[in-house]
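Asker: What shape does this take:
(2 chains)
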Amino acid sequence: MRELTFEEAVTEAIQEEFRLNPKTVHLSTDLQATLQREFGAERIRVTPIAENCFSGAAVGLAGSGYRTVVNIRMATFGFVAMDQMINHAAKIHYMFGGQAKFPIIYRMTVGAGNNGAAEHCISPYAMFMNAPGLKIMLPSSPYDAKGLFKTALRDNNPVILFEHILLSAVKGPVPEDEYFIPFGRADAKREGSDVTVVALSKMVHDALAAAEDLAQEGVSVEVIDPRTLVPLDRQTILDSVKKTGRLVVVDEACQTCSAAAEIVALATADGATFARLKAAPARVCGLDIPVPFSPPLEKYAIPDKGKIVAAIRETMQASTPR
Amino acid sequence: MALDRQTLISLYTTMLTIRRFEERVATEFFAGNVVGFVHSYIGQEAIATGVCAHLTKEDRIVSNHRGHGHCIAKGADIKRMMAEIYGKKTGYCKGKGGSMHIADFSIGMLGADGIVGAGLPIATGAALAAQLQGEGHVAAVFFGDGACQEGELHEALNLAAIWKLPLLFVCENNHYGVNTAAAYSLAPRTIIRLPETYHIANRAVHGNDVESVYEAAGEAVDMLRRGEGPYFLECDTYRHHKHKLSEALEDLRPEEEIKAWAKRCPVEGLEAKLLHRDVMTNAELESIEQTVLSRIDEAHRFAVESPYPEPQDALEDVYSL
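Answerer: Residues are numbered from 1 along each chain as shown, chains lettered A, B, ... in the order given. Have a look, this model is predicted:
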């Protein structure tokens, strides 16, 4: 199968859907040359550096029958547009009694690992999980990115694509034929029987590497990638934990009130799953600090393969038969 | 410019409908029958009326927290408005929004908005949609001197100017944000100088004189329809009530100022002109009054008699299908 980068896969999804639907607009502060060549400067617009304004413009476009992709670039820039994303895009379908649809995709990069320091590196998806009305995609591969983005481009709600800054150039197989990946359908990236690792975004890759190492030691690791955080495929996660009896959640975001916290709570609050747990669930998360710049500091702040391996080993050892 | 009789009757009827609707809402609020945050439009009726008279339902408006007047002027159903204010299932938002969040997308009313200044970016999107459609439709956004203190005004003026959006900025300058005077909180002494920096056509009018607003808005909307937008209209005005309906909230505006503006009441001013110019008789005005009051009674009855939503209706409409 041909290989595309994450970025190319998303661009292809936009091209396919923009060809079908002329009432689509793309807003970003940088020129998107490939898209503008094909669809023209009227629809593929370069905006002033005014994140809140163009994020709100997408709300007005939606209320007027248009579908908009807003590329905010970094999630930290997205904080400038929180009023429009949270107070308006997320709420107004509900607040206005469901009388209009607001099909908007907000793209934002997340994650650390490129020495961008605190104002360019963060993984704030849990904040947005706390704003009902938004859907949240968190793909880990070009294949998932394209299939989810295609679905988002036909969804009638505001959807956020969080793309890890280190994944955009990563290549992976993407079929030529059209396909869609439904929201709320987790993917077992590796099957296993001893421990369930739920990993998010780039951490899926680190978790898979950890699983490979542990296989040498005879530990069978199942790696579950939720792919969307809202809606969250609770059933797949619970079924896996019931099967393995152990849960480790790997999330680059700060640990406090993270998606990882929600996933652990999900497993422990479900009686049937709780009864099957052989060890306390563990989290491997970013430290509760702003992401620091200097390489040794940054490496210390975020999870990696070694920390995941250590957490899985500890979970295996902590296991006591009930 | 002398307006024809039919236009004047229509403007007067809309203004009176807003006035009597707001009076009824206030009466019911202080009787304890309406809850929540209610911001009265009394005193500013001429602005929504004079602007929306030029708009069709294909033209879109974005309102603010003081939005009842914009809804009525754009042609919203006052029964469903009153039902929403009462939190009833038959309201525009099925009781999910209340006074501050009435919207009717079927007539191009994209919603009242509780965050000061936030309607400005949304309106740039509505105007962009109109521009892309290319059928001469326009968008208008209503905001106050308070929103002129928000960064969003700069962002929206800038975006509208560089993209030549068909967007009418309607600044309803009532001179106060709650109790803070714009004379204190806004550095530019004259708001109307702001759009000049962006090369946006502009005009300041007496916002309590519906004929002035109507005439200026007409010229502005014509320009927008020709693709020569955006346009900025500043309307000087004053609210009769405090920032919101409330026993507890103090009104710190100077008493002499309140009294002076009371003499410039937009509704009474128009009535006096209509009588003075022999456009209408006292009997004709009285007849409109009776019609308006009976429509508001009917709206109120509809709201009171409508059912509340079921508690579990709270779970509906979080996401669209």
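
Asker: Burial check on residue 212, number of neighbours?
Answerer: If you meant another chain, say so; for now it's chain A. Around residue A:212 there are 13 other residues, counting by other C-beta atoms under 10 Å in any protein chain shown. For the C-beta atoms, the positions are set from N, CA and C on the backbone; glycine is no exception.

Asker: wrong one, I was asking about chain B
Answerer: For residue B:212, which is what you asked about, the neighbour count (other C-beta under 10 Å) is 19.

Asker: go on, residue A:238?
Answerer: Summarising burial for residue A:238: neighbours were counted as other C-beta under 10 Å, giving 18.

Asker: Backbone dihedrals for it, both of them.
Answerer: Dihedral pair for residue A:238: phi -60, psi -40, per degrees, to the nearest 10.

Asker: Which residue is the nearest non-sequential neighbour of it?
Answerer: Using C-beta to C-beta, 6 or more residues apart in numbering or on different chains and skipping residues adjacent in sequence, the residue nearest residue A:238 is residue A:273, 4.9 Å away.

Asker: Contacts only, for the one you found.
Answerer: The neighbourhood of residue A:273, defined by C-beta atoms under 8 Å, 6 or more residues apart in numbering or on different chains, consists of A:238, A:241, A:242, A:267.

Asker: Surely the second one touches residue A:247?
Answerer: Yes: proximity of residue A:241 to residue A:247 meets the contact threshold set by C-beta atoms under 8 Å, at 4.9 Å.

Asker: Which neighbours do those two have in common?
Answerer: Both residue A:241 and residue A:247 are in contact with A:196, A:267, A:277, where contact means C-beta under 8 Å, 6+ apart.

Asker: How confident is the prediction for the second one, by pLDDT?
Answerer: Pointing back at residue A:267 there. Each residue has a pLDDT score; the one for residue A:267 is 97.

Asker: Tell me where the stretch 101-250 of chain A has helices.
Answerer: If DSSP state H, counting those that start in this stretch is used as the criterion, the helices of the stretch 101-250 of chain A fall at A:125-129, A:142-152, A:203-216, A:234-244.

Asker: I'd like the ones you listed laid out as CSV, including distance to residue B:148 and mean pLDDT.
Answerer: Shown next, in CSV, are the helices of the stretch 101-250 of chain A (distance: least, C-beta to C-beta, whole Å; pLDDT from 0 to 100):
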stretch, distance to residue B:148, mean pLDDT
helix A:125-129, 30, 97
helix A:142-152, 36, 98
helix A:203-216, 46, 98
helix A:234-244, 47, 98
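
Asker: wait, which of those helices is closest to residue B:193?
Answerer: Evaluated with C-beta to C-beta, these place helix A:125-129 nearest to residue B:193, the distance being 38.9 Å.

Asker: How much space separates the residue of the stretch 201-321 of chain B found nearest chain A from residue A:165?
Answerer: With distances taken as C-beta to the nearest C-beta, the stretch 201-321 of chain B approaches chain A most closely at residue B:317, which sits 3.5 Å away. Here residue B:317 is placed at a distance of 35 Å from residue A:165 (C-beta to C-beta, to the nearest Å).

Asker: Residue 316: what's it in contact with?
Answerer: Because you didn't say which chain, this covers chain A. If you count contacts by C-beta under 8 Å, 6+ apart, residue A:316 has them with A:194, A:195, A:219, A:246, A:279.

Asker: please go with chain B instead
Answerer: Neighbouring residues of residue B:316 by C-beta under 8 Å, 6+ apart: A:98, B:94.

Asker: I figured residue A:59 hits residue A:83, correct?
Answerer: No: taking C-beta under 8 Å as the contact criterion, residue A:59 and residue A:83 are not neighbours in contact, 10.6 Å apart.

Asker: ok, for the residue of the stretch 201-321 of chain B closest to chain A, nearest residue in space, not its chain neighbours?
Answerer: When the adjacent residues along the chain are set aside, residue B:317 lies closest to residue A:98, with 3.5 Å between them (C-beta to C-beta, 6+ apart).

Asker: what pLDDT does the nearest residue to residue B:5 once chain neighbours are set aside get?
Answerer: If the residues on either side of it in the chain are set aside, residue B:5 comes closest to residue B:279, at 5.6 Å by C-beta to C-beta, 6+ apart. At residue B:279, the model reports a pLDDT of 95.

Asker: can you count the residues close to residue B:279?
Answerer: Other residues near residue B:279 come to 18 when the count uses other C-beta under 10 Å.

Asker: Kindly confirm my reading that it is in a helix.
Answerer: No: assessed with DSSP: H, G, I helix; E, B strand; the rest coil, residue B:279 is coil; it does not lie in a helix.

Asker: show me the contacts for it.
Answerer: Contacts of residue B:279 were listed using C-beta under 8 Å, 6+ apart, and they are B:5, B:8, B:273.

Asker: ok, back up a step: now the residue nearest to residue A:238: which helix or strand?
Answerer: When elements are defined using DSSP states H and E, residue A:273 is found to belong to helix A:271-276.

Asker: Can you name the next helix or strand after that helix?
Answerer: The first helix or strand that comes after helix A:271-276 along the chain, using DSSP H and E, is strand A:282-286.

Asker: Just give the number of residues close to residue A:179.
Answerer: Applying other C-beta under 10 Å, we find 12 other residues in the vicinity of residue A:179.

Asker: just to confirm, which helix or strand has the residue nearest the centre of chain B in it?
Answerer: Compute the mean C-alpha point of chain B, and by C-alpha atoms, centre = their mean the closest residue is residue B:70, 3.2 Å away. Take DSSP H and E as the rule and residue B:70 turns out to sit in helix B:68-74.

Asker: So what touches that helix?
Answerer: The contact list for helix B:68-74, computed with C-beta under 8 Å, 6+ apart, reads B:14, B:17-18, B:21-22, B:25, B:40-41, B:44-45, B:47-49, B:51-53, B:55, B:57, B:61, B:63-64, B:78, B:81, B:99, B:102, B:104, B:107-109, B:112, B:142.
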